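[1] Task: produce atomic coordinates for the following.
(2 chains)
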Amino acid sequence: MAARKILVATLIYLFLAIGAGTTFAQDSARGDHVRVRWLAPQSFAQGTAETIGFYFEVDPGWHVYWRNAGDSGAAPRFDFRGSAAEVGDIQWPFPVRLPIEHLTNLGYEGDVAYLFDVTPAAGAERIELDANLEWLVCKVDCIPGFGTMQLSRPVAEQSSWPAADRALRDRFQARVPVPQRQSPWRPVGLSEAGPGSLRLTLTSTGGRAAVPPQVFPTDGELLTAAAPRVQTAEHRINYTFTRVPGASLPDATDFVISDGQRAWSLEGVPVGGVMRPGQSLWLLLLAAFAGGMILNLMPCVFPVLSIKLFGLVGTGATTASRLREGLRYSAGVLATFAVLGAVLLILRAGGAAVGWGFQLQSAPVVLALILLFWLMGLSFSGVFEFGHRLMNIAGRSHGGSFATGVLAVFVAAPCTGPFMGAALGAAVTLPAVAAMAIFLVLGAGLAAPFLLLCASPALLNRLPAPGPWMEKLRQLLAFPLYATVIWLLWVLGRILGESGWLIGALLLLAVVFALWLGRNFARGGRVAAYTLVVAATAGAFGALQVPQPEEPAVTSTSVSNGWHRYDKAMIAEALAQNRPVFIDYTAAWCITCQVNKKLVLESPKIMELFRANDVLLIRADWTRQDPEITAALSALGRNSVPVYAWYAPGAREPELLPQILQERTIAALFSEQPRTQHAEDDTP
Amino acid sequence: MTQVIKRVLMMTLAVPALALAVATPGEKAPAFSEVDAEGKTHSLEDYKGQWLVIEWFNKECPYVRKHYGSGNMQALQKKYTAQEINWLTVISSAKGKQGYLEPEQAMAVAASHELNASAPFLLDSDGSMGRAYGAKTTPHMFIINPEGKVVYAGAIDDNDSANPAVIPQSKNYVAAALDASLDGKAITVASSRAYGCSVKY
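    Numbers count the residues shown, from 1 in each chain, chains lettered A, B, ... in the order given. This is a model prediction of the structure:
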């Protein structure tokens, strides 16, 4: 019954369509306000693809649609039947936005050609194409049109076009989007910007791209067609689109951008974070490897490695055994990165907000590291011999090399420099396999120099021969370890407040006292020493469980040296008043952050500049895991610090400054001179 | 002072919230109160604890004709109202615009179209209900669950052709969502691009 009704309705529909002037089996079609004809050569060239099309002539004021029709309407449909030729996909010239009362459509006002490639079948003498067309033409009201068109042309040595038609074809072909590679703009981010919206960030690749391009979403199920809110800041342009109510976010989506003359397609822009410009996974992996290598030079990694290298020089081991050590070390690094990566991915999958340096946001982990570095430092100073006991952790035994690798990763994490930040930012937003690859390559980079030294006797031979200097070197190496202990104590203090210092320092005292006992009072002393160390350690770790410290001065107006604690309400208020805002996302355990703070942000000159321009200064301290700050960071597409967010007066979207700050970077924010470039864009 | 800050914050939060106040899957359905062609008032409250389908209609629209000419829409209305699901068909065309109907005309159109909804057309000529729901096109479809939440918003099906011949091969989102809900299953597609003619506010 229903089927018959549909059939009857279809027949009536077809009849109406014909009645409206559409003709069958022709090389043109007509409907209300629309005439369609072929844009094709008189003859096709043998075996050569030719771009041909349907040319729509539309009455003034009426329009036909793009592939994504927008808030209403429908794209035309072209259905090819049984042709002795290979027919490609429809190529859609870029559209314009057509505001229709309360809606926005994407389409063409005036004439347009929908193009496609066609290749004659091998040996064919003619091309015969049969196409069913359906279109919708609208002003405010819409009229569907329907037709069948046939194309029959000979295949010859060369194609020959009527000059006017070829010119028309070329005109519209120039408006068909080409791949992004050739575009003057690159997508650098696509992420949620508040409920029901999605923000695309483009950056210009050349100087001439002065006017922001038009951006059209390809997926009408995801984004509405209304013109996005556009904000420009230097080389970056933000487009904030409204999502179709209830549309869930896909992994990636497509856009077409146009400067009004030409257009480019942005395909598979990943949703959910900062994307390094136009980057393939290879470039990311390369950056991760370089970042891993540089981590070797970080002050928090170098001491650990020097212990190990020192061990290698001392033992006079064979190349084979050194290589074994190197491989064990590499295995330790890689295994740890794999585990951390897996944990991060699992947490990410669970929707938990998590950031990289989190090992150092946990007080017990910090205390354990303090203890370890203290013991190593003491041992290096010759207070006691690590011997075959604790030295196992970073020493000569087989497990030792593996453990050194594990340790290296843990202490490297807070040193996330610009390299690691970029790679990790990408890793968090990439699919699981790619993210894991980045973690492993980062680990490989960290392990590589050490492995190289182990593998190449030539290089190792460059290291001086063992001798009395070793004792002095060992003692010298103790000092970086003590420095690390001080730094970690400070971190503990930031986590726990003043009690952190006290607990940590008391534990160190207990350890030294126990060592003295053990050395000076033979048997009984050693028992007492062990007891003391165990008791002190248990006591110290127990003390950590004691209530989390009260928030230092909880009021929202808490100010320190002109900087306010992170407070969303205060930021919103300042932005509402068009007051400039500078947010310093920082953490005690982040060395880069501290350097920037001391040398740049809190320098008298810069503080004076901030004051003169009435900038609201916000310090978002991430030393402890603060969910609000974690969320704010992830909204910026980051999961590590430092991040410097600058809201120019009246701006609603922040500009992110480079991770390594310089005074002139900040000064440039207040001068009319355009800055030359973003250091952020410099990272590979 | 804190009060002032709070107020400023609330205002800054309220502005985007207002802008987004359209029927969104997963959120509370916007309230409405409209008179039907017979003069009876219908409001969201009346349908508390029950399933409700809302459909936007314009008899001149080719896409509405696609689904009514083929009997597709009436068949859906008949099938689901028989299962105690309420179905309201709304006309939001303003007076003087395409698709506007006076009450007696609406009664005649309901009869000629064999409308099987729970009531004759709701006449929303001031567009208040259409705007509250963010109704963009005819037909634009919404499903509201007994808790008063929107569970589907979008097109009737996945084929935006005006040709009724495509209906048998199309995936009907509304039927799929209602069938899944009646079976106690999750709705797989809760949102889609509504296709059709613009609502003539």
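
[2] Tell me which residues touch A:Phe479, please.
    Applying Cβ atoms under 8 Å, 6 or more residues apart in numbering or on different chains to A:Phe479 gives the contacts A:Gly377. No exception for glycine: its C-beta is placed from N, CA and C like everyone else's.

[3] partners of whatever residue of the stretch 1-150 of chain A ends up closest to chain B in the sheet?
    The shortest separation between the stretch 1-150 of chain A and chain B is 3.6 Å, found at A:Pro144 (distances taken as Cβ to the nearest Cβ). On DSSP bridges, the residues paired with A:Pro144 through beta bridges are A:Leu136.

[4] Taking chain B, what residue is nearest to chain A?
    Counting by Cβ to the nearest Cβ, chain B gets nearest chain A through B:Pro25, at 3.0 Å.

[5] from memory that residue sits against B:Ser191, does it?
    Yes. Here B:Pro25 lies in contact with B:Ser191, judged by Cβ atoms under 8 Å, at a distance of 5.2 Å.

[6] Give me the common contacts of the two.
    With contacts defined as Cβ under 8 Å, 6+ apart, the residues adjacent to both B:Pro25 and B:Ser191 are A:Pro245, A:Gly246, B:Tyr152, B:Ala153.

[7] what residues are up against the last one?
    B:Ala153 is in contact with A:245-246, B:23-25, B:134, B:140-143, B:190-191, B:194, counting by Cβ under 8 Å, 6+ apart.

[8] Quick check: phi and psi at it.
    According to degrees, to the nearest 10, the main-chain angles of B:Ala153 amount to phi -140, psi 130.

[9] if I look at it, how far off is A:Leu517?
    Separation of B:Ala153 from A:Leu517 (Cβ to Cβ, to the nearest Å): 75 Å.

[10] How about the first one?
    From A:Pro245 over to A:Leu517 the distance is 72 Å, taken as Cβ to Cβ.

[11] likewise the second one?
    To A:Leu517, A:Gly246 is 69 Å away according to Cβ to Cβ.

[12] looking at the shared contacts of B:Pro25 and B:Ser191, which has the most residues close by?
    When these are compared by neighbour count (other Cβ atoms under 10 Å in any protein chain shown), B:Ala153 ends up highest, at 30 neighbours.

[13] circling back: lowest-confidence one in the shared contacts of B:Pro25 and B:Ser191?
    In terms of pLDDT, the weakest of the shared contacts of B:Pro25 and B:Ser191 is A:Gly246, which scores 82.

[14] quick one on the thing from earlier: sec struct for the residue of chain B closest to chain A, please.
    The assignment at B:Pro25 comes out as coil when based on DSSP: H, G, I helix; E, B strand; the rest coil.

[15] Not including adjacent chain positions, what is the nearest residue to it?
    In space, not counting the residues next to it along the chain, B:Pro25 is nearest to A:Gly246; the distance is 3.0 Å by Cβ to Cβ, 6 or more residues apart in numbering or on different chains.

[16] Wait, a helix at the one you found?
    No. Counting by three-state DSSP, A:Gly246 is not part of a helix but coil.

[17] Let me see the contact set for it.
    The neighbours of A:Gly246, taking Cβ under 8 Å, 6+ apart as the test, are B:Thr24, B:Pro25, B:Gly26, B:Val150, B:Ala153, B:Gly154, B:Ala190, B:Ser191.

[18] And it, how far from B:Lys28?
    For A:Gly246, the distance to B:Lys28 under the criterion Cβ to Cβ works out to 13 Å.

[19] Could you name every residue contacting both of those two?
    Among the neighbours of A:Gly246, those also in contact with B:Lys28 (Cβ under 8 Å, 6+ apart) are B:Val150.

[20] Point out where the stretch 301-450 of chain A drops to low pLDDT.
    Low-confidence segments of the stretch 301-450 of chain A, defined by pLDDT under 70, are located at A:301-317, A:344, A:347-362, A:365, A:384-400, A:410-431.

[21] can you do 80?
    In the predicted model, the stretch 301-450 of chain A carries pLDDT under 80 at residues A:301-322, A:325, A:340-341, A:343-366, A:368-369, A:372-373, A:376-377, A:379-435.

[22] now swap in chain B and tell me
    B:1-21.

[23] which residue ranges form the strands in the stretch 151-300 of chain A?
    For the stretch 151-300 of chain A, the strands defined by DSSP state E, counting those that start in this stretch cover A:178-179, A:185-192, A:197-204, A:214-217, A:229-233, A:236-242, A:252-258, A:263-270, A:273-274.

[24] Doesn't A:Ala75 lie inside a helix?
    No. Secondary structure of A:Ala75, determined by three-state DSSP: coil, with no helix assignment.

[25] give me every residue that touches it.
    When contacts are counted by Cβ under 8 Å, 6+ apart, A:Ala75 touches A:Tyr65, A:Trp66, A:Arg67, A:Asn68, A:Ala69, B:Asp160.
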